[in-house]
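Peer 1: compute the structure for the input listed below.
(chains A, B, C and D)
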Number of protein chains: 4
Amino acid sequence: MHVQEIVSTHPHVKGNTNDALLSCIEQCYSCAQTCTSCADACLGEKSVAELTQCIRLNLDCADVCLATGSVSTRRTGSNEEVIARQLDACALACRLCGEECQRHAKHHEHCRICADACAQCFEACQSASRSLGKQH
Amino acid sequence: MHVQEIVSTHPHVKGNTNDALLSCIEQCYSCAQTCTSCADACLGEKSVAELTQCIRLNLDCADVCLATGSVSTRRTGSNEEVIARQLDACALACRLCGEECQRHAKHHEHCRICADACAQCFEACQSASRSLGKQH
Amino acid sequence: MHVQEIVSTHPHVKGNTNDALLSCIEQCYSCAQTCTSCADACLGEKSVAELTQCIRLNLDCADVCLATGSVSTRRTGSNEEVIARQLDACALACRLCGEECQRHAKHHEHCRICADACAQCFEACQSASRSLGKQH
Amino acid sequence: MHVQEIVSTHPHVKGNTNDALLSCIEQCYSCAQTCTSCADACLGEKSVAELTQCIRLNLDCADVCLATGSVSTRRTGSNEEVIARQLDACALACRLCGEECQRHAKHHEHCRICADACAQCFEACQSASRSLGKQH
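Peer 2: Numbers count the residues shown, from 1 in each chain, chains lettered A, B, ... in the order given. As a prediction, the model looks like this:
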């Protein structure tokens, strides 16, 4: 992804980027893809009946990650309150999805990978949340 | 939309629907479409340079509304915390977008319509948020 | 939804709306919500293992419907080729999802409702596709 | 992104991945983020009135890329026809958006970066389209 490269050329940013937020944007898109993939891999398992909660949390997490990635990408105008609220929602969605995936990590490699991706995105959302208000 | 009809047939719901949440789901999808349309109509105005903040808030609101509509639609498993957090983010996005649209409502009919849609969705998100925890 | 109301105020449309396309936009958002709901209801069924193909087609259909609804909503600039291509992809996604849902319609009311929604959206996409190039 | 890693663990894939499709998935998510960023950077330019067509094509391209990335990620069940149709729509959206961005590439670095991202995603969609039917 070219998050750093493209956002740093924004006329309101002028190279003065918020690195925590940029890293979070990348994690959001990546986690959305991983969760979409894990949900579908769970659907393909024989034990799908035991994975329905995992699938549901995966789908929620993917939706919340994409919305958070999009609003965090936009720098025109000031909408930091909404970004902050979305980062909090995303951190929560990632934490709950990651915890559920972790339960199946021993049996399903896709759940192990997804648990890691959710943990990374959770950390990135929290770092980005702390960075807001300090710089833009 | 068929929100009431389809959600009421969910095996975990069995007709015992949360009407505030169902109404909110409908408002979220509707507001997303209205905001997408308002952003594009603003782009078509000669005075687009004065409407960039409106366009940005429209796009953010549309993204947040869609994510909120999707996670609120899912009833399998329990993910009420994420729904609650998304409803709060959505209420905020709708309030801020609606306030900005209201500033342009006299000059642009699409902004007037969008301000109304945002106000409706804001109310629906708050009602749905209050309803969580009481019933499912 | 306020599709007709908001699109008709677009400065490039000026009341001269393409009713087939407007109807299709509404069907796309509605079908996306219905498919999201049907996928989740299928996840809640004891027979989920027999419904995985249905869930997958539901999720694909929801994604394609939302993208089609968004691009069809935008009237600024001319991007009719992309709208036309999305309408074709959406008609196909709706047809395949509707056919699969129809197979489960006797046993699951949510699949019956979703099959109807997909059939309606399929028709709307085809009508909208035919209408392009004739008026805007 | 972890596209290769997560998809290769899917029970229906079992390591036998379609590399052209995997690369395309990554390009789709990346291009969606770049287009969202370019649209917002264009909104921040003083010359926004000359960039409205670019903004519109950026927003369409982002929506189509995300839908294409999602449906291409799902491997459960066979929905190759819809993937193929989405890949074609995405190639077209990327080509048209990239051509428009190229026109502004000399004056706006974000448009130059976005033109490159669209060209890469266009190529990836075409490669992935050709690969379908040959392997899974």
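Peer 1: who's in contact with the residue in chain A sticking out farthest from the centre?
Peer 2: Farthest-out residue of chain A from its mean C-alpha position, per C-alpha atoms, centre = their mean: residue A:46, at 27.9 Å. Applying C-beta atoms under 8 Å, 6 or more residues apart in numbering or on different chains to residue A:46 gives the contacts C:49, D:11. C-beta: built from backbone N, CA, C; applies to glycine.
Peer 1: got it, and residue A:54?
Peer 2: A:38, A:39, A:42, A:97, A:100, A:101, A:103, A:104, A:111.
Peer 1: residue A:16 falls within a helix, correct?
Peer 2: No - with DSSP: H, G, I helix; E, B strand; the rest coil as the criterion, residue A:16 is located in coil rather than a helix.
Peer 1: gap between it and chain B?
Peer 2: Counting by C-beta to the nearest C-beta, to the nearest Å, the separation of residue A:16 from chain B is 19 Å.
Peer 1: which elements pack onto the helix or strand of chain A with the lowest mean pLDDT?
Peer 2: Within chain A, confidence by mean pLDDT, DSSP states H and E is lowest for helix A:3-7 among all helices and strands, at a mean of 92. Applying 3 or more C-beta pairs under 8 Å, 6 or more residues apart in numbering or on different chains; DSSP states H and E, one finds that helix A:3-7 contacts helix A:19-43, helix D:19-43, helix D:109-131.
Peer 1: any chance of TSV for the contacts of residue A:54, columns neighbour count, pLDDT and distance to chain C?
Peer 2: Below are those laid out as TSV (neighbours: other C-beta atoms under 10 Å in any protein chain shown; pLDDT from 0 to 100; distance: C-beta to the nearest C-beta, whole Å):
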residue	neighbour count	pLDDT	distance to chain C
A:38	34	97	13
A:39	30	97	8
A:42	29	97	9
A:97	35	98	15
A:100	23	97	14
A:101	29	98	16
A:103	15	98	17
A:104	22	97	15
A:111	26	98	16
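Peer 1: now for these, which pair is the farthest apart?
Peer 2: Across the contacts of residue A:54, no pair lies farther apart than A:39 and A:103, at 15.2 Å, counting by C-beta to C-beta.
Peer 1: that older thread, from residue D:119, how far off is the residue farthest from the centre of chain A?
Peer 2: Counting by C-beta to C-beta, to the nearest Å, the separation of residue A:46 from residue D:119 is 42 Å.
Peer 1: SS state for the residue farthest from the centre of chain A?
Peer 2: Once three-state DSSP is applied, residue A:46 turns out coil.
Peer 1: please produce TSV containing the contacts of residue A:54, extended by distance to residue D:32.
Peer 2: Below are those laid out as TSV (distance: C-beta to C-beta, whole Å):
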residue	distance to residue D:32
A:38	20
A:39	19
A:42	24
A:97	21
A:100	26
A:101	24
A:103	31
A:104	29
A:111	25
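Peer 1: of those, which are in range of chain D?
Peer 2: residue A:38 (C-beta under 8 Å from any C-beta of the partner chain).
Peer 1: near chain B, which residues of chain A? Just list them.
Peer 2: Counting by C-beta under 8 Å from any C-beta, chain A sits next to chain B at A:52-53, A:56-57, A:59-60, A:63-64, A:66-67, A:70-71, A:74, A:76-77, A:79, A:81-82, A:85-86, A:88-89, A:92-93, A:96.
Peer 1: buried subset of those residues?
Peer 2: Using 16 or more other C-beta atoms under 10 Å in any protein chain shown as the burial test, these include A:52-53, A:56-57, A:59-60, A:63-64, A:66-67, A:70-71, A:74, A:76-77, A:79, A:82, A:85-86, A:88-89, A:92-93, A:96 as buried.
Peer 1: where does chain A have low pLDDT?
Peer 2: A:77, A:133-136 (pLDDT under 70).
Peer 1: can you tell me the centre-most residue of it?
Peer 2: residue A:28 (3.0 Å).
Peer 1: what does chain A have sitting close to chain C?
Peer 2: So chain A meets chain C at A:39, A:40, A:43, A:44, A:46, A:48, A:49, A:52, A:55, A:56, A:59 (C-beta under 8 Å from any C-beta).
Peer 1: one step back: who's in contact with the residue nearest to the centre of chain A?
Peer 2: So, once contact is read as C-beta under 8 Å, 6+ apart, residue A:28 ends up touching A:65, A:66, A:68, A:69, A:72, A:90, A:121, A:124, A:125.
Peer 1: returning to what we had before: so which of the contacts of residue A:54 comes closest to residue A:24?
Peer 2: For these, the nearest to residue A:24 is residue A:97 (16.2 Å; C-beta to C-beta).
Peer 1: packing partners for whichever strand or helix holds the closest one?
Peer 2: Per DSSP states H and E: residue A:97 is located in helix A:80-103. The contact analysis (3+ C-beta pairs under 8 Å, 6+ apart) places helix A:80-103 against helix A:19-43, helix A:52-73, helix A:109-131, helix B:52-73, helix B:80-103.
Peer 1: picking that back up, make a ChimeraX selection of the buried ones in the contacts of residue A:28.
Peer 2: In ChimeraX, this line selects whichever of the contacts of residue A:28 come out buried by 16+ other C-beta under 10 Å:
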select /A:65,66,68,69,72,90,121,124,125
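Peer 1: and which of the contacts of residue A:28 is nearest residue C:15?
Peer 2: Nearest member of these to residue C:15, counting by C-beta to C-beta, is residue A:66, at 34.5 Å.
Peer 1: I'd guessed the closest one sits against residue A:31; true?
Peer 2: No - under the criterion of C-beta atoms under 8 Å, residue A:66 makes no contact with residue A:31, lying 9.3 Å away.
Peer 1: sorry, back to before: residue A:66 versus the residue nearest to the centre of chain A, what's the distance?
Peer 2: Residue A:28 is 7 Å from residue A:66, by C-beta to C-beta.
Peer 1: swap in residue A:33?
Peer 2: 9 Å.
Peer 1: show me which residues of chain A are close to chain D?
Peer 2: So chain A meets chain D at A:1-3, A:5-7, A:9-12, A:25-26, A:29-30, A:32-34, A:36-38, A:40-41, A:43-46, A:62, A:66, A:69-70, A:73-76, A:108-110, A:113-114, A:117 (C-beta under 8 Å from any C-beta).
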